[in-house]
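Asks: Just need the structure, nothing else, for what follows:
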Amino acid sequence: MLQNVTLFGVLAIAIGAIPGAVSRYYVTEFCKRAIGTNFPYGTFIINFTGCLLMGFFFTLFKGIKGLPPEIDLLVRTGFLGAYTTFSTYGYDTLTLWRNGKQGATIFYWAGSAMLAVVGIILGRDLAQLIVGS
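Replies: Residues are numbered from 1 along each chain as shown. Predicted coordinates for the structure are as follows:
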């Protein structure tokens, strides 16, 4: 079932997404310059810090009574959604595991990573069919 999000909630997501996307860009560029490009350090760091922040804010917001839902939408959906969806992947994996769905956890954890690569390959191949290269 879809969550009933108000116009204010949608605005909170959008407002959070802007600094999330900009942060992702700057962290990536900083890592390229500071560490190099032999490994995707920026993405690696973004994925870790996004998961760290997802766990932190989920726990923090859960413990604050009366917190407006728009704050959660701004931070977790807006900022972290634009910063990295890997944080949601990590959170969803942990949630499945904690709910005793070990088979579903392993399928989701490994399947998501494998399907991501398959999706990139298929998307590349489809685009090559269109542009003829």
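
Asks: Contacts only, for E70.
Replies: E70 makes contact with T6, F8, G9, A12, according to Cβ atoms under 8 Å, 6 or more residues apart in numbering. The way it works is simple: take the backbone N, C-alpha and C, and place the C-beta from them, glycine included.

Asks: Turn the residues you listed into a markdown table, including secondary structure.
Replies: Below are the contacts of E70 laid out as a markdown table (DSSP: H, G, I helix; E, B strand; the rest coil):
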| residue | secondary structure |
| --- | --- |
| T6 | coil |
| F8 | helix |
| G9 | helix |
| A12 | helix |
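
Asks: Adding distance to F39, write those out as TSV.
Replies: Shown next, in TSV, are those (distance: Cβ to Cβ, whole Å):
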residue	distance to F39
T6	42
F8	41
G9	38
A12	35
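
Asks: Narrow those residues to those that are buried.
Replies: Among the contacts of E70, the ones that count as buried by 16 or more other Cβ atoms under 10 Å are G9, A12.

Asks: The contacts of E70 into CSV, with extra columns for pLDDT and distance to T59?
Replies: Converted to CSV, the contacts of E70 look like this (pLDDT from 0 to 100; distance: Cβ to Cβ, whole Å):
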residue, pLDDT, distance to T59
T6, 92, 25
F8, 95, 24
G9, 95, 21
A12, 97, 20
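
Asks: Can you report phi and psi for the residue sitting nearest the centre point of the chain?
Replies: In the chain, the residue lying closest to the centroid (Cα atoms, centre = their mean) is T85, at 1.4 Å. Dihedral pair for T85: phi -90, psi -10, per degrees, to the nearest 10.

Asks: How much space separates it from R124?
Replies: 20 Å (Cβ to Cβ, to the nearest Å).
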